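Enquirer: I need the structure of the sequence given here:
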Amino acid sequence: MQLRKYRAMSLLLSLLLALGLLGAMPSLAFGEEGEGTPVGAAGGSAIDPMATPPDASDICMILAVPDNIGYATLADALAAAASGDTIVLLQDITEATVIDVSFPLTIDLGSFNLDLDGEYISVDSTGDLTISNGGTLSTIQIYVSGGKLTATADIIISHPSASDVIFIDSAGEVTITGNVIGEINAYDPGTTVIVNGNITVSGLNAHCVSTRDGQITVNGNINVSGSGCRGAQAEDDGQITVNGNITASGTDAFGAASFSGGQVYVNGNIAASGTDAVGVVGFTGALVTVNGTITAPTYIEFRDTLVVVQKTAADHEPTSSKAGFLEYTDGVSFVWVAEVIAPVQPATGNIPATGDAAGIIAVAILLALAALGTTSILFSRRLRRTQ
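Expert: So this is what the prediction gives:
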């Protein structure tokens, strides 16, 4: 009876050990996170199927009760729209129309594209424009002054110059879920910009994202090209956070730049290429943190005085004011780059690699059997001694 009890306890402990090992395994994924869950899918417009369908000549409509109201042009729909209305596209639209918003308005692209054919979008201090669903929004410029813009579509800016193509000031708020082709400039305290996709821009002196006193967050990557281009540039009390990588290419290209106390935080890597390209440039009180690597002809360059000070990766200070980062400074500006720590060598032997589900299960079973056998042997010896 006692032998059975000890064996049962041994088996229970062994199973608990096996379950603990299995619980430590990474989840077995059957695809990428969220795969198979459509977000902003085609046909996602909130169209009432019971409402009267629009005429064949209508290209968009305003959702209404009891019947939706169709329009032959986007301009007509915009002119008729009131606060809180939703304009739904019924097909791809290319139309030279200004979208000037001073009240809450939604333009639902559905699965279609909207090209304003050389015209712009303006959202004033009382405006709240939402561009939902859809493929791509193309326009010459977007100006948000104190208002709010939320867009899930990709945005393409076709401005003839590379400056002020998406301009936000006066505490305006912009949130873009998709990708952006075009420059983003944010000014004034309280102005905030969030881009969840990638940002790409090219052209002479192109600044992919720049701010003076505002805040910009880019959760994707930044790609900029052209002579004198800048990946991310912050001035005064401006703050820029890039959670992806920055790539800048061209003569005198900068990956990141900071002026007069502006703060830039890059959670990925910076790569700058081209003649006189620099990874990070600091002007008069710059504050830049790179939680990754810098690859560039010139690693870091300080331009606080008439004398330009260049730093290689090895030219860091002996101590750092920021834990886990190497510090570079000319005494006025500061750049911190993540300290590279040598990876821990993996253990040798027959231990299965992390994530190898079959190997971990096998080890768990072997440990369970070994524990059961050891307990049985020990108890058998104990019984022989007592006999």
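
Enquirer: Residue 75 falls within a strand, correct?
Expert: No: using DSSP: H, G, I helix; E, B strand; the rest coil, the assignment for residue 75 is helix, not a strand.

Enquirer: Next, count neighbours for the closest residue to it other than its chain neighbours.
Expert: For residue 75, ignoring the flanking residues on the chain, the nearest one in space by C-beta to C-beta, 6 or more residues apart in numbering is residue 97 at 4.6 Å. Just so you know, the C-beta spots here come from the backbone N, C-alpha and C atoms, and that holds for glycine as well. Residues near residue 97, counting by other C-beta atoms under 10 Å, number 22.

Enquirer: domains of this protein?
Expert: The chain breaks down by automatic domain parsing into domains covering 47-160, 194-341, 355-387.

Enquirer: which one of those domains is the most hemmed in?
Expert: domain 194-341 (a mean of 20; mean count of other C-beta atoms under 10 Å).

Enquirer: Show me how far that domain is from its chain's centre.
Expert: 17 Å (C-alpha atoms, centre = their mean, to the nearest Å).

Enquirer: for stretch 126-145, same thing?
Expert: With C-alpha atoms, centre = their mean, you get 19 Å for stretch 126-145.

Enquirer: go on, stretch 133-150?
Expert: With C-alpha atoms, centre = their mean as the basis, stretch 133-150 stands 18 Å off its chain's centre.

Enquirer: pLDDT on that stretch, on average?
Expert: Mean pLDDT, stretch 133-150: 95.

Enquirer: Same check on stretch 166-184?
Expert: 96.

Enquirer: Any idea how far apart the tips of it sit?
Expert: 5 Å (C-alpha to C-alpha, to the nearest Å).

Enquirer: Likewise for stretch 88-101?
Expert: For stretch 88-101, the end-to-end distance is 16 Å (C-alpha to C-alpha).

Enquirer: Stretch 227-242 too?
Expert: Its start and end residues considered, stretch 227-242 measures 22 Å (C-alpha to C-alpha).

Enquirer: Over to stretch 78-96?
Expert: When the end residues of stretch 78-96 are compared by C-alpha to C-alpha, they are separated by 13 Å.

Enquirer: residues in contact with it?
Expert: For stretch 78-96, the external contacting residues (C-beta atoms under 8 Å, 6 or more residues apart in numbering) are 45-47, 54, 58-63, 68-71, 73-75, 77, 97, 99, 103-110, 112-119, 134.

Enquirer: Give the rounded mean pLDDT of it.
Expert: Mean predicted confidence for stretch 78-96 is 97.

Enquirer: Low-confidence stretches in this protein?
Expert: For the chain, applying pLDDT under 70 flags the ranges 1-53, 160-164, 341-387.

Enquirer: Helices of that one, start to end?
Expert: Taking DSSP state H to define them, one finds helices in the chain at 2-24, 74-80, 357-386.

Enquirer: related to what we said a few turns ago, and residue 182, which of the domains of the chain is closest to it?
Expert: domain 47-160 (2.8 Å; C-beta to C-beta).

Enquirer: and that closest one, how far out from the chain's middle?
Expert: That offset, for domain 47-160, works out to 25 Å (C-alpha atoms, centre = their mean).

Enquirer: didn't residue 125 look like it was pressed against residue 170?
Expert: Yes: with contact defined as C-beta atoms under 8 Å, residue 125 reaches residue 170; the gap is 6.6 Å.

Enquirer: Common neighbours of these two, please.
Expert: 145-146.

Enquirer: rewinding a little: same list, the domains of the chain, but as TSV with distance to residue 183 please.
Expert: Listed next are these as TSV, based on distance: least, C-beta to C-beta, whole Å:
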stretch	distance to residue 183
domain 47-160	7
domain 194-341	5
domain 355-387	41
